[in-house]
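Enquirer: below is the structure, and that's it, no one-letter string:
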């Protein structure tokens with residue numbers, strides 16, 4: 001096969017572990033590439049040792065002296081590094097001198113808006129003695145103007161190869177052929193391809209690139225790489241070994257995968273998933289979709305629609321600031337939506353009839369409805385299961401109005417049931433008694449509610465705030481940290497509660513000590529390191545703000561089951577405690 005193979009594991013896979021590979025892993029991977037018939041081995045990113053990259057592992061910096069201490073280059077498998085055109089100056093790369101660096105190839109990654117800067121770098125690095133590739137990042141975003149610019153560049157003959165990257169994994173084989181045709185029309189013959197596996201098309205697309213006569217194709221061990229990952233190099237080598245017996249050998253890669261990459265996969269779990277699939281379908285940077293999924297608050301419909309909005313309004317390369325700006329008021333930020341405030345009250349049943357649509361909700365429609373009554377909120381900690389009998393006894397003795405939250409299985413039948421997460425609403429609303437009235441925030445649109453429940457419901461107004469204002473402005477909740485128990489407490493206060501009790505707000509309880517506890521398997525909470533502690537800190541701060549406000553109005557706030565929020569706890573369940 002004329003097409004060359006480039007192993008990009010350490011460079012692209014470094015996005016997963018911050019380029020903190022062990023020297024032994026990199027050394028073994030290079031020798032696997034050499035023995036397997038691979039032509040190029042990309043050992044990382046060349047960046048400055050200070051500044052934006054100073055927290056990277058050594059293969060995110062690629063100091064020449066350090067690299068030389070790790071591997072000894074062999075001409076049969078040339079060592080490359082990548083640089084970002086938008087983040088470096090030519091001074092970062094010194095003239096290539098024998099014995100001073102193991103790197104002989106530099107690949108310059110450039111987004112469409114960075115082409116002219118990349119051209120200057122190509123010319124400089126070529127003069128310094130390197131074989132130079134130009135990597136066209138986000139090539140799906142190249143316009144006719146960009147192709148004209150590429151065609152007009154007089155220095156294109158200096159390139160060993162021009163690579164186009166399917167950065168967002170959106171390409172199909174026909175797109176590969178189209179890219180080859182466009183680049184050839186612009187005057188390029190040595191063309192390479194870098195696949196991403198968002199649509200599970202990396203292998204098919206790479207075979208199409210080989211059919212088109214690609215100079216070089218990229219792949220990585222175990223598919224390790226950003227987003228959905230890359231084409232697994234062991235799969236490509238296994239295929240080619242069957243086509244050209246004796247030239248390629250996948251077994252050395254299987255060995256390093258077993259020793260190094262399979263354990264890394266257990267730790268980091270890269271590869272295909274819903275988020276990468278959506279980024280491929282929508283052709284946007286995977287970090288945008290990852291950010292939406294990480295909030296654990298949005299439905300798939302919302303994420304899909306938000307991805308479309310991001311595509312139209314955000315830069316090709318990821319920007320947190322631009323994403324937040326583009327989505328302002330578009331997804332859940334407690335603000336207005338279609339449900340209006342024209343309600344009428346069925347006093348006898350204490351339920352709200354169907355709302356009229358129109359204006360945004362500006363008033364809570366049941367202020368004072370349960371004036372003087374004790375209200376018990378049932379959260380989702382293990383204590384509501386352990387102390388069920390005592391809690392039911394407490395409800396009966398105190399004639400409590402009850403508000404359930406999220407998922408209560410069939411443990412309790414409550415007067416009201418609250419949700420603030422659309423995902424939890426969709427997942428658990430069917431478990432709520434048909435006779436229970438729902439408490440829902442005004443960013444739930446009517447179609448979402450009507451399609452999923454026949455229960456009657458009350459809509460409460462809620463807005464985002466800084467936390468420096470009171471929790472209520474009139475009857476509109478001012479939310480600094482969204483939590484269903486806290487919104488229920490404010491709703492109970494507005495309903496006229498004489499006392500507010502909470503069961504099941506356990507916080508950090510049990511042997512684990514580092515998770516917020518539920519009586520059931522709650523899979524809609526972030527699992528990343530530190531996420532639970534961050535959630536707990538946010539909840540604790542908001543709980544203090546709201547509890548102090550409610551008590552300042554003469555309404556006691558008490559948690560009646562064992563809790564890590566000890567300042568609010570009072571043992572009122574004598575039967576079991």
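Expert: Perfect, I can see it now. Everything numeric in this text was worked out from a predicted model, so none of it was measured.
Enquirer: give the buried residues for stretch 226-244.
Expert: For stretch 226-244, burial by neighbour count (16 or more other Cβ atoms under 10 Å) applies to 226-238, 240-241. For glycine as for every other residue, the C-beta is placed from the backbone atoms N, C-alpha and C.
Enquirer: tell me the least confident of these?
Expert: Within the buried residues of stretch 226-244, residue 227 has the lowest pLDDT, namely 83.
Enquirer: three-state assignment of that one?
Expert: Secondary structure state of residue 227, per DSSP: H, G, I helix; E, B strand; the rest coil, is coil.
Enquirer: now residue 42
Expert: The three-state label given to residue 42 by three-state DSSP is strand.
Enquirer: before we move on, what about residue 151?
Expert: helix.
Enquirer: count of neighbours near the closest residue to it other than its chain neighbours?
Expert: Nearest non-adjacent residue to residue 151, counting by Cβ to Cβ, 6 or more residues apart in numbering: residue 186, 3.8 Å away. Around residue 186 there are 17 other residues, counting by other Cβ atoms under 10 Å.
Enquirer: about what we covered before: between the buried residues of stretch 226-244, which is closest to residue 99?
Expert: residue 233 (29.7 Å; Cβ to Cβ).
Enquirer: how near is that closest one to residue 435?
Expert: 60 Å (Cβ to Cβ, to the nearest Å).
Enquirer: in the stretch 51-200 of the chain, which spans are strands?
Expert: 78-84, 103-110, 131-136, 161-165, 191-194 (DSSP state E, counting those that start in this stretch).
Enquirer: just name the shakiest helix or strand of the protein by mean pLDDT.
Expert: strand 345-346 (a mean of 29; mean pLDDT, DSSP states H and E).
Enquirer: sorry, back to before: quick one: the residue nearest to residue 151 and residue 146 touch, right?
Expert: No: counting by Cβ atoms under 8 Å, residue 186 stays clear of residue 146, with 9.3 Å between them.
Enquirer: ok, residue 384 - contacts?
Expert: Counting by Cβ atoms under 8 Å, 6 or more residues apart in numbering, residue 384 makes contact with 378, 391, 408, 411, 412, 503, 504, 519, 561.
Enquirer: is it true that the third one lies in a strand?
Expert: No: judged by three-state DSSP, residue 408 forms no part of a strand; its state is coil.
Enquirer: go ahead and flag the most central residue of the chain.
Expert: With distances taken as Cα atoms, centre = their mean, the residue of the chain nearest its centroid is residue 290 (2.0 Å).
Enquirer: the nearest residue to residue 485 once chain neighbours are set aside: neighbour count?
Expert: Of all residues not flanking residue 485 in the chain, residue 379 sits nearest, at 5.0 Å (Cβ to Cβ, 6+ apart). Residues lying near residue 379 (other Cβ under 10 Å) number 26.
Enquirer: please tell me how far residue 379 sits from residue 571.
Expert: 17 Å.
Enquirer: what's the answer for residue 23, then?
Expert: In this view, residue 23 and residue 571 are 57 Å apart by Cβ to Cβ.
Enquirer: can you list the domain ranges for this structure.
Expert: Structural domains annotated on the chain: 4-272, 275-326, 345-568, as defined by automatic domain parsing.
Enquirer: lowest average pLDDT across those domains?
Expert: Note on the domains of the chain: lowest mean pLDDT is at domain 275-326, with a mean of 78.
Enquirer: my read is that residue 493 contacts residue 550, right?
Expert: Yes: applying Cβ under 8 Å as the test, residue 493 and residue 550 come out as touching, 5.1 Å apart.
Enquirer: who touches both of these two?
Expert: By Cβ under 8 Å, 6+ apart, the residues touching both residue 493 and residue 550 are residue 500.
Enquirer: can you give me the helices in the stretch 401-550 of the chain?
Expert: Along the stretch 401-550 of the chain, the stretches classed as helices by DSSP state H, counting those that start in this stretch are 422-428, 446-452, 484-494, 531-552.
Enquirer: hmm, who's touching the third one?
Expert: Outside helix 484-494, the residues that touch it by Cβ under 8 Å, 6+ apart are 364, 366-368, 375, 377, 379, 401, 403, 405-406, 416, 418-421, 424, 439, 441, 460, 462, 471-472, 475, 477, 479, 500, 502, 505, 539, 542-543, 546-547, 550, 553, 555, 557.
Enquirer: tell me the strands beside the helix or strand harbouring residue 217, with direction?
Expert: In this assignment (DSSP states H and E), residue 217 forms part of strand 216-219. Here strand 216-219 has these sheet partners by DSSP bridges: strand 4-7 (parallel), strand 191-194 (parallel).
Enquirer: helix or strand right after the first one?
Expert: Beyond strand 4-7 in the direction of the C-terminus, DSSP H and E gives the next helix or strand as helix 9-17.
Enquirer: other SSEs contacting that next one?
Expert: Counting by 3 or more Cβ pairs under 8 Å, 6 or more residues apart in numbering; DSSP states H and E, the packing neighbours recorded for helix 9-17 are helix 23-36, strand 40-45, helix 262-268.
Enquirer: ok, which of those comes nearest residue 252?
Expert: When the helices and strands packed on helix 9-17 are ranked by proximity to residue 252 (Cβ to Cβ), helix 23-36 comes first, at 3.8 Å.
Enquirer: and the angle from that closest one to strand 40-45?
Expert: Angle of helix 23-36 versus strand 40-45, following axes from the mean of the first three to the mean of the last three Cα atoms, to 10 degrees, is 160 degrees.
Enquirer: show me what counts as buried in helix 23-36.
Expert: In helix 23-36, counting by 16+ other Cβ under 10 Å, buried: 25, 26, 28, 29, 30, 31, 32, 33, 34, 36.
Enquirer: which ones are touching the fifth one?
Expert: For residue 30, the residues meeting the contact criterion (Cβ under 8 Å, 6+ apart) are 41, 43, 71, 77, 79.
Enquirer: 7 Å instead, please
Expert: 41, 71 (Cβ atoms under 7 Å, 6 or more residues apart in numbering).
Enquirer: what does the fourth one give?
Expert: Contact analysis of residue 29 by Cβ under 7 Å, 6+ apart lists 9, 10, 221, 256.
Enquirer: what kind of secondary structure is the residue lying closest to residue 507 once chain neighbours are set aside in?
Expert: Leaving out its chain neighbours, the residue that sits closest to residue 507 by Cβ to Cβ, 6+ apart is residue 564, at 3.5 Å. With three-state DSSP as the basis, residue 564 sits in coil.
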